[in-house]
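*Asks:* Dropping the sequence and predicted coords here.
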Amino acid sequence: MKWFAKTPKKSTAVESDERAMLTSDQSIVEYKGGRAFPDCLTQGTHRHYTDYATRMLSVYQDGIGQPRYQLHRQIEAIFTDEPDCPVRRIQAFCKLLDDAGDYQTDPSGEATKLRLKIFSMAAQFHPLVAQPDRLFESGENDIKARIAETLGQSWEMIEQTLYSDVLDYQRLERFEGYANPAALLSRYNVAQIQACLYKAEQMTVWASEDFKTILRYAKLARLLHEIERVDASTYRLVFSGPASVLNETRRYGVSFARFLPALLACRRWRMTASLKTPWKQPVQLALSDKDGFTSHLPPPEMFDSSVEQSFCEKFGNQRDGWTLIREGDILHHQQKTFVPDFTFCHADGTKVLMEIVGFWTPEYLAGRRQTLRLFRDHKIILAVPEKSLRDGAAIGDNILVYKSALKLTSLMEILERFRRDYNN
């Protein structure tokens, strides 16, 4: 059993909410029987890691103002007597903890200028010694105090910025951290899978739910796709990276890694990824929603708007021979995809799709009209708010206008019209 972490209520885009990802040097993966097995901490074998995680979080929570290298040394000390903790695992923990905080930076290069000034002032008293005597009169502490007085700052303040442009010496300013020790361990497991995906050349996902979320995040991760319907409720989605034709695996492997947390947040899916290895043998990474990994992203919302939710509750699962399915179809043409909000299936074989426009802009409506033209061979109803229509605008047969909620009588009339056309 793996650790589970609570997720936030709202999701953000892959590019803006990209959480800590490891480097290849921090990746731990075992290859066996043509399969890849990223390092994974479980509650059975690694239950004692909960205490380690608690101590690691305390180091950073109490470490505001300390330089990075001191924090890392304290993390290393926690695992001194732990035989089951390779160096890469410790380095991975440090990376995840670092990325959950904010460190002092020096974008304007003031640290370099300050060092030049201080070293120039100190050079006048060279050599500096810890204990001055008759031969060496310049004591280090005395000269530091003199320089601080000249600059009008305490030496402690000077020391905090003297090496702020050197990564190891940057000081921790804020630590957002993780909700609890289990969240840190859960994040570690996902980060190791992400690092394994750096070697991926292609990813195949079989999905039975949350198509819209999967495709939206794949687009944000700049993945190309091929889509095939497997059965009535399952699609096979093959993703490849934009740089695949250039044979730059690491570049689009990172795109797969960015996409992974969104996939983990979805329901009813399984995935395989083809990995490139140094010995040129094909290796597969396999995952599914049953494996128990937790995303830092929340599960997709069941409905995009209150209008959709209200309509779905009012219509029910079936009405007058029509069965209602939420996001049951993917329409695709080359790299353009469209997942309508609802699919209506009649017992006689008629299928009608419906997209509900809730929040809208003129640009959004124009895009939806273009989408309808692209997929005009399908029966699609577009439900639009009355306030979005211009005065005198022509309303097509497939347009359902609503004020605050969809009227079922108007909808049923359009559905029946489509059904008559289908049967004639």
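*Replies:* Alright, I've got the coordinates. Numbers count the residues shown, from 1 in each chain.

*Asks:* hey, let's count contacts and neighbours off CA atoms from now on
*Replies:* Noted.

*Asks:* Next, give phi and psi for the closest residue in space to Gly34 that isn't next to it in sequence.
*Replies:* Closest residue to Gly34 apart from its sequence neighbours, by C-alpha to C-alpha, 6 or more residues apart in numbering: Val283 at 4.8 Å. Note on Val283: its backbone torsions stand at phi -130, psi 140 [degrees, to the nearest 10].

*Asks:* can you check the one 4 residues further on too?
*Replies:* For Leu287, the backbone dihedrals (degrees, to the nearest 10) come out as phi -140, psi 160.

*Asks:* Next: Phe342.
*Replies:* Main-chain torsions, Phe342, degrees, to the nearest 10: phi -140, psi 150.

*Asks:* Equivalent analysis for the one 5 residues further on, please.
*Replies:* Main-chain torsions, Ala347, degrees, to the nearest 10: phi -60, psi -30.

*Asks:* I figured it was touching Trp322, is that so?
*Replies:* Yes. Using C-alpha atoms under 8 Å, Ala347 is in contact with Trp322, at 6.8 Å.

*Asks:* Give me the outermost residue of the chain relative to its centroid.
*Replies:* Farthest-out residue of the chain from its mean C-alpha position, per C-alpha atoms, centre = their mean: Arg134, at 63.8 Å.

*Asks:* burial of the residue nearest to Gly34, as a residue count?
*Replies:* Close neighbours of Val283, defined as other C-alpha atoms under 10 Å, add up to 20.

*Asks:* State the pLDDT value of it.
*Replies:* Val283 is assigned 94 on the pLDDT scale.

*Asks:* next one: Gly139
*Replies:* Confidence for Gly139, expressed as pLDDT, is 81.

*Asks:* Quick check on it: phi, psi?
*Replies:* Gly139 has phi and psi values of phi -80, psi 140 when expressed as degrees, to the nearest 10.

*Asks:* what do you get for Leu372?
*Replies:* Dihedral angles for Leu372 - degrees, to the nearest 10 - are phi -60, psi -40.

*Asks:* how close does it sit to Leu415?
*Replies:* Note on Leu372: its distance to Leu415, by C-alpha to C-alpha, to the nearest Å, is 17 Å.

*Asks:* Any stretches of the stretch 1-150 of the chain with poor pLDDT?
*Replies:* 1-19 (pLDDT under 70).

*Asks:* residue boundaries of the helices in it?
*Replies:* 49-61, 68-78, 87-99, 110-123, 140-151 (DSSP state H, counting those that start in this stretch).

*Asks:* Val352: which of those helices is closest?
*Replies:* Nearest to Val352 among the helices of the stretch 1-150 of the chain is helix 87-99 (47.3 Å), distances taken as C-alpha to C-alpha.

*Asks:* returning to what we had before: can you add mean neighbour count and distance to Ala405 and give the helices of the stretch 1-150 of the chain back as a markdown table?
*Replies:* Supplementary listing: these in a markdown table, determined by neighbours: other C-alpha atoms under 10 Å; distance: least, C-alpha to C-alpha, whole Å:
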| stretch | mean neighbour count | distance to Ala405 |
| --- | --- | --- |
| helix 49-61 | 18 | 49 |
| helix 68-78 | 17 | 55 |
| helix 87-99 | 19 | 45 |
| helix 110-123 | 14 | 59 |
| helix 140-151 | 15 | 69 |
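
*Asks:* The helix or strand hosting Tyr422 packs against which elements?
*Replies:* Assessed by DSSP states H and E, Tyr422 sits inside helix 408-423. If you count contacts as 3 or more C-alpha pairs under 8 Å, 6 or more residues apart in numbering; DSSP states H and E, helix 408-423 packs onto no helix or strand.

*Asks:* Please repeat the previous calculation with a cut-off of 10 Å.
*Replies:* Where contact means 3 or more C-alpha pairs under 10 Å, 6 or more residues apart in numbering; DSSP states H and E, helix 408-423 is packed against helix 306-315, strand 322-326, strand 342-346, strand 351-356, strand 380-385, strand 399-402.

*Asks:* Give me the sheet partners of the fourth one and which way each runs.
*Replies:* Taking DSSP bridges as the criterion, strand 351-356 forms sheet pairs with strand 342-346 (antiparallel), strand 380-385 (parallel).

*Asks:* quick check: angle from the longest one to helix 408-423?
*Replies:* Between the direction of strand 380-385 and that of helix 408-423, the angle (axes from the mean of the first three to the mean of the last three C-alpha atoms, to 10 degrees) works out to 160 degrees.

*Asks:* pLDDT averaged over strand 380-385, what's the number?
*Replies:* The model assigns strand 380-385 a mean pLDDT of 90.

*Asks:* Buried ones in that strand, by neighbour count?
*Replies:* With burial defined by 16 or more other C-alpha atoms under 10 Å, the residues of strand 380-385 counted as buried are Ile380, Ile381, Leu382, Ala383, Val384, Pro385.

*Asks:* The shortest one too?
*Replies:* By neighbour count with 16+ other C-alpha under 10 Å, strand 342-346 contains the buried residues Phe342, Thr343, Phe344, Cys345, His346.

*Asks:* for the residues you listed, which one is nearest Gln104?
*Replies:* Of the buried residues of strand 342-346, the one sitting nearest to Gln104 (C-alpha to C-alpha) turns out to be Phe342, at 49.6 Å.

*Asks:* how many neighbours does the residue nearest to that closest one when sequence neighbours are not counted have?
*Replies:* Spatial nearest neighbour of Phe342, chain neighbours left out: Arg326 (4.7 Å); criterion: C-alpha to C-alpha, 6+ apart. Arg326 has 19 neighbours, counted by other C-alpha under 10 Å.

*Asks:* and Arg326, what does it touch?
*Replies:* When contacts are counted by C-alpha atoms under 10 Å, 6 or more residues apart in numbering, Arg326 touches 209-210, 302-303, 308, 312, 317, 339-344, 354.
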